[in-house]
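1. Take a look and give me a structure for this.
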Amino acid sequence: MKLTHTTTMKLGIGGHISKNQQPNNTAAEMWNVIQIWATPMAGPGFVNGVRTLVPKNSLPDGLEIKDGYQAFWGTGYKSNYKTQLNMDVELNQKLDFITKGLSVAIKGAYDNNFTINKNRLGGNKEFQIAYHKTFLTNPSIPETSVDYDKTIVYVPTGQDSPLTYSEGSARDRNWYLEARINYDRTFNQDHKVGALLLYNQSRDYYPKKSDGSNAQYVYMPRGYIGFVGRATYAYRTKYLFDVNVGYNGSENFAPGKNRYGLFPSVSAGWVVTAEKFMENQHIIDYLKLRASYGKVGSDVGTQTRFMYKPGSWSPSGGYSFGIDNPNSLPAYGYGIPGNSDVSWETAKKQNYGLDAKFLKERLSVNFDYFFEHRTGILVAPNSFPGIIGTGLPNMNIGVVDNHGYEISVGWKDTFRNDLKYYVNANMSFAKNKIIYMDEVKHQFDYQDETGGSTGRNGNLYKFIRLYQESDFVDDGMGNKILNPDLPQPEQLVAPGDCMFADLNGDQKVNDLDRGIFGYSRRPEYTFGLNAGFDYKGFNFSMQWVGATHVDKLLYVDYIIPFTNQGGRGLLKHLYEGCWTPENTHGKYPRPAEQTESWNYGSAGGPTSTLFLQDASYIRLKSLNVGYTFRQKPILKKLGLNAVTLSFSGYNLLTFSPMKLADPESTTNNRGEYPLCRLYSFGLNLNF
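-> Numbers count the residues shown, from 1 in each chain. So this is what the prediction gives:
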C-alpha cells in the first residue's frame, strides 16, 4: 500500500490449519514391509475377514512370520493437528530529497508453528494361522504320506486389545529482521551506479537440523547476524562491474575469535556486441563475456552446537579398591573435548562464462566454467594415536577441489506464422578431488580416499566372476578343493561363490584386497532436453533428463537371500538370476545363508563390485499435449470463448542399467516409496 508519494508498505499474512490421520507406521515403513515380506508364502491375506498367516514351522529356522499387512494391521493410528502462521511486513522510504536514487527499507518476518500429536498405538488384532489338519492331529505323519490330510484348518492366535493413548506437542517459532540502504542512479544516460548496505538478523527459538529433527539444545535459541555491502557500476550497459562484501556471524564459533567471517566477491562483464566494431555484422546479435571470483563461508558442518565449548565429565563405570572387602567407587569420563579454534568452512570460487545469441536471436548459447577450492572442511582427525584416551573433535583441516562446466544451447523459430517451436539442450560436468582429509596412508593406493572424488564406494572386493566346477580339483582324498593355481580366499568357497581379484598379488584374497572403486554416488555428467511446439491450437512439450558417470551400491535387502535379519524373503531377481548347477551363467551367487558364504559380507552389507551398479539413466520426465478449440459456432451457443483438452504425463519412460532401484535417487534406501508414473487429463473452459 502507498502511505505517501514516497512511502510504501507491504504486508503479508498467511497460515493454515491442518489435521492429518494415518496408520501408526510411516509410508516408508509400510513400503519396507510390502516389498520385502509380501510374498505368496507368507499367507493368503484375509480369510473370512481374518488376517491369515502360514505356520512358523513351515518357514526356515529363525525367520519371522510377516506379510504385507504387517505394517498397518493392528498397529493403531496417529493424528496430527497443526497450525501455522507466517507474517512479514516491509516499509520502503524514498530519500530523493537528500539525493536522487537513495532509499531505505526495513523488513521483518515472523513464523509460528504449533503441532499436537495424538497416538493411539497397539491394539493387537486377532489373526489365525493356517495348518494342515494332519499336522495338528498327528504331526508324526510325514507330509509325503498317503495318510496325510492337507485339509486347511484355521487356528485363532492372539486377541484384540484396546489402543493405548499418548499425546505430545512440537513447536517452531522464529523471526527475521532486515534493514537496508539502497542507491540506484544513472548519470548522463551512460553511467549507472548502484550501492547497497544491508543488515540482517534472525533467531530460531526451537532450532531444527536439516532433516527436520530437533537440534542439540533445542530449547536454546539459535541466532545469526550479518552485514552485506554491494557496489555496482555499468557504462552504457557495455562494461559491468560488481563488488560484494559479506560479514556474517554464527553462534557455532567462539566469540572474539572466529565468530565472524568476511566473504568478499567481485565480478565483471563485457557486452561485446555493444561495441561499434560489432555494429555492421549480422550473425552475432548478442555476446556477453563475464567472470567472477569470490569467497563464501558455511557453518553447517559443525559436529554439534557450540563446538568451541570445553568437553564435560559424565559417569562412566567405576573402580573397586581393596581385596577382601573391595569398595566400589563410581568413575567419571571426559567426553570429546571442545575445539576453541573451530571456524568457517570457506570456498574460493571462480566462474568464467559467456552468453550469446545468433541469427536474429533464434540460436542462443550459454557457457560457464567454474573452479572451487574448499578449505577448512570439518573432518575427524585420523592421524592421532589412540593412546590419548579420548575422542577428538572435528577440525577445520579438510581440503577439496571442484571443477566443471555447464553449457546450454537453444533454438526457437516461427514457420509461416503458424508453427512455433523450440529446442533447448543442456549439459553439465562437475568433478571434485579430495586434497587432504588427514587420512592415514594405507598399505596400497587403491585403498586411499585422498586423491579421489567424494562419495565413492569403499571397502569393496573387485568382483571377477563366479566360481565354476572347473575351478575345483580333487585333493586325492575325494574332496574338492579350489585349484591351488588360483588366488586363495580367506574363507572356504564353493562353485557359485564370488571370485574376487587379488589386487596386491600375494596369491591371497583378504582384507588387503578391498579398495575404493567406481564413480561417485553423485553423477559427474547431467544433461537435459526441452522441446515443444504450438500449431493452430495444438501444443506439445516434453522434458528429458539424464545422468552418467555415477555408481551406486544396492541396498542390503536387495542382495542378501534368505537372511534371518528381519525375515526378509528371496527377491525375484535373486531367484531367477542366481547360480545353480543347472544355471552356471547366473549373475548372482548361489543361494546360501549369509553365515555360509562370504558373498554378501559378514556385517550384512555389500562387499564387492558385483553389487556396485551403473546408475546412468535417461528419463522422459514430463510430456504435455493439448488442443484448444476457438471460434466454433457450438462454443458461442454454450457461451464459451475457448475449450482446451490436455494430457500430461510424468516419469513416463526410464532407460537405465540399474533396474532394482530409482537411479535418480540419492540414497537407494529400501524405505523410499517407488517411483510413480503419473497420467493426468484436463479440461479447461474459458467463458
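2. Let me know the distance separating Thr186 from Asp172.
-> Per Cβ to Cβ, to the nearest Å, Thr186 is found 44 Å from Asp172. (Glycine included, C-beta is placed from N, CA and C.)
3. Between those two, point out the one with more neighbours.
-> Remark: of Thr186 and Asp172, Asp172 carries more neighbours, 17 against 13, as counted by other Cβ atoms under 10 Å.
4. Can you report phi and psi for that one?
-> Backbone geometry at Asp172, expressed as degrees, to the nearest 10, gives phi -150, psi 120.
5. Leaving out sequence neighbours, find the closest residue to it.
-> Asn113 (4.2 Å; Cβ to Cβ, 6 or more residues apart in numbering).
6. what's the one you found sitting at in phi/psi?
-> Main-chain dihedrals, Asn113, degrees, to the nearest 10: phi -130, psi 140.
7. distance of it from Arg173?
-> With distances taken as Cβ to Cβ, Asn113 is found 7 Å from Arg173.
8. circling back to that earlier point, could you check the pLDDT of the residue nearest to Asp172?
-> On pLDDT, Asn113 comes in at 93.
9. What is the burial count for it?
-> Using other Cβ under 10 Å, Asn113 is surrounded by 16 other residues.
10. Verify the stated contact: Lys413 with Tyr421.
-> Quick fix: residue 413 is Asp, not Lys. Yes - counting by Cβ atoms under 8 Å, Asp413 does reach Tyr421; the two are 6.4 Å apart.
11. Distance check, Ser470 against Tyr293.
-> 62 Å.
12. With neighbour numbers in mind, choose between the two.
-> Taking neighbours as other Cβ under 10 Å, Ser470 and Tyr293 compare with Tyr293 leading, 15 against 9.
13. Any idea what the more buried one is bridged to?
-> Going by DSSP bridges, Tyr293 is paired in beta bridges with Val266, Gln350.
14. Let me know the pLDDT of it.
-> 98.
15. In contact with it, which residues?
-> 265-267, 348-351 (Cβ atoms under 8 Å, 6 or more residues apart in numbering).
16. List only those of those flagged as buried.
-> Among the contacts of Tyr293, those scoring as buried are 265, 267, 349, 351 (criterion: 16 or more other Cβ atoms under 10 Å).
17. His549 and Arg521 touch, don't they?
-> No - His549 lies out of contact with Arg521 (Cβ under 8 Å); the separation is 11.3 Å.
18. Closest to Arg120 out of the buried ones among the contacts of Tyr293?
-> Top of the list for closeness to Arg120, among the buried ones among the contacts of Tyr293 and by Cβ to Cβ, is Lys349 at 52.1 Å.
19. And the closest residue to that closest one other than its chain neighbours, how far from Asn244?
-> Spatial nearest neighbour of Lys349, excluding adjacent residues (Cβ to Cβ, 6+ apart): Glu372 at 5.0 Å. From Glu372 over to Asn244 the distance is 17 Å, taken as Cβ to Cβ.
20. Check His403 too.
-> 23 Å.
21. Buried residues of stretch 1-19, list them for me.
-> By neighbour count with 16+ other Cβ under 10 Å, stretch 1-19 contains the buried residues Thr8.
22. what separates that stretch from the chain centre, distance-wise?
-> Mean-position distance between stretch 1-19 and its chain equals 35 Å (Cα atoms, centre = their mean, to the nearest Å).
23. residues near Val153, how many?
-> With other Cβ under 10 Å as criterion, Val153 counts 15.
24. So it, which state does it fall into?
-> strand (DSSP: H, G, I helix; E, B strand; the rest coil).
25. same check, this time on Phe135
-> The three-state assignment at Phe135 reads helix, by three-state DSSP.
26. which regions of the stretch 101-250 of the chain sit below the pLDDT cut-off?
-> Within the stretch 101-250 of the chain, the segments meeting pLDDT under 70 span 123-126, 209-215.
27. What is the most widely separated pair among the contacts of Tyr293?
-> Greatest spacing in the contacts of Tyr293, by Cβ to Cβ: Ser267 and Lys348 (14.0 Å).
28. Common neighbours of the two, please.
-> Overlap of the contact sets of Ser267 and Lys348 (by Cβ under 8 Å, 6+ apart) consists of 293-294.
29. just checking, Pro356 touches Leu289?
-> For the record, residue 356 is Ala, not Pro. No - contact criterion Cβ under 8 Å: Ala356 and Leu289 do not qualify, at 9.4 Å.
30. out of the two, which sits in the busier spot?
-> Comparing Ala356 with Leu289 by neighbour count (other Cβ under 10 Å), the higher total belongs to Ala356, at 17 against 14.
31. Now do the same for that one: helix, strand or coil?
-> Under three-state DSSP, Ala356 comes out as strand.
32. If Leu419 is in a bridge, with which residues?
-> Applying DSSP bridges to Leu419 gives these bridge partners: Phe415, Tyr535.
33. Kindly report the same for the one 4 residues further on.
-> Beta bridges link Val423 to Trp411, Ala531 when assigned by DSSP bridges.
34. Could you count how many residues lie near it?
-> When neighbours are counted by other Cβ under 10 Å, Val423 registers 14.
35. Now do the end-to-end distance for stretch 444-454.
-> Stretch 444-454 has its terminal residues 19 Å apart, counting by Cα to Cα, to the nearest Å.
36. what's it in contact with?
-> 400, 431-437, 439, 441-442, 456, 458, 503-504, 512, 514-516, 519-520.
37. change it to 6 Å
-> Residues outside stretch 444-454 that contact it (Cβ atoms under 6 Å, 6 or more residues apart in numbering) are 432, 434, 437, 439, 442, 504, 515, 520.
38. secondary structure class for the fourth one?
-> For Glu439, the reduced secondary structure class is coil; criterion used: three-state DSSP.
39. So the protein: which segments form each domain?
-> 237-320+330-440, 462-513+560-604, 526-547+614-686 (automatic domain parsing).
40. From the chain's centroid, how far away is the first one?
-> Relative to its chain's centre, domain 237-320+330-440 lies at 19 Å (Cα atoms, centre = their mean).
41. Quote the end-to-end distance of that domain.
-> Domain 237-320+330-440 has an end-to-end distance of 54 Å (Cα to Cα).
42. Check the shortest one too.
-> Across its full length, domain 526-547+614-686 reaches 40 Å end to end, with Cα to Cα as the criterion.
43. Lowest-scoring secondary structure element of the chain by mean pLDDT?
-> Here the helix or strand of the chain ranked lowest by mean pLDDT, DSSP states H and E is helix 27-37, holding a mean of 68.
44. which residues of the stretch 551-687 of the chain fall in helices?
-> Remark: helices assigned in the stretch 551-687 of the chain by DSSP state H, counting those that start in this stretch are 572-577, 633-637.
45. low pLDDT regions in the stretch 451-600 of the chain?
-> Across the stretch 451-600 of the chain (using pLDDT under 70), the flagged ranges come out as 561-570, 593-597.
46. Can you show me the strands along it?
-> Taking DSSP state E, counting those that start in this stretch as the criterion, the stretch 451-600 of the chain contains strands spanning 457-460, 463-466, 472-474, 480-482, 488-489, 498-500, 508-509, 515-517, 525-535, 538-548, 551-553.
47. got CSV for those, with distance to Leu675 and mean neighbour count too?
-> Listed next are these as CSV, based on distance: least, Cβ to Cβ, whole Å; neighbours: other Cβ atoms under 10 Å:
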stretch, distance to Leu675, mean neighbour count
strand 457-460, 22, 18
strand 463-466, 27, 17
strand 472-474, 43, 13
strand 480-482, 42, 15
strand 488-489, 38, 18
strand 498-500, 30, 24
strand 508-509, 37, 19
strand 515-517, 27, 19
strand 525-535, 18, 17
strand 538-548, 13, 17
strand 551-553, 15, 22
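48. mind giving me TSV with the ones you listed and columns for distance to Pro591?
-> Shown next, in TSV, are the strands of the stretch 451-600 of the chain (distance: least, Cβ to Cβ, whole Å):
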stretch	distance to Pro591
strand 457-460	22
strand 463-466	13
strand 472-474	19
strand 480-482	19
strand 488-489	19
strand 498-500	13
strand 508-509	22
strand 515-517	25
strand 525-535	37
strand 538-548	33
strand 551-553	21
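49. quick one: which of those strands is nearest Gly261?
-> For Gly261, the closest of the strands of the stretch 451-600 of the chain is strand 525-535, at 31.0 Å, according to Cβ to Cβ.
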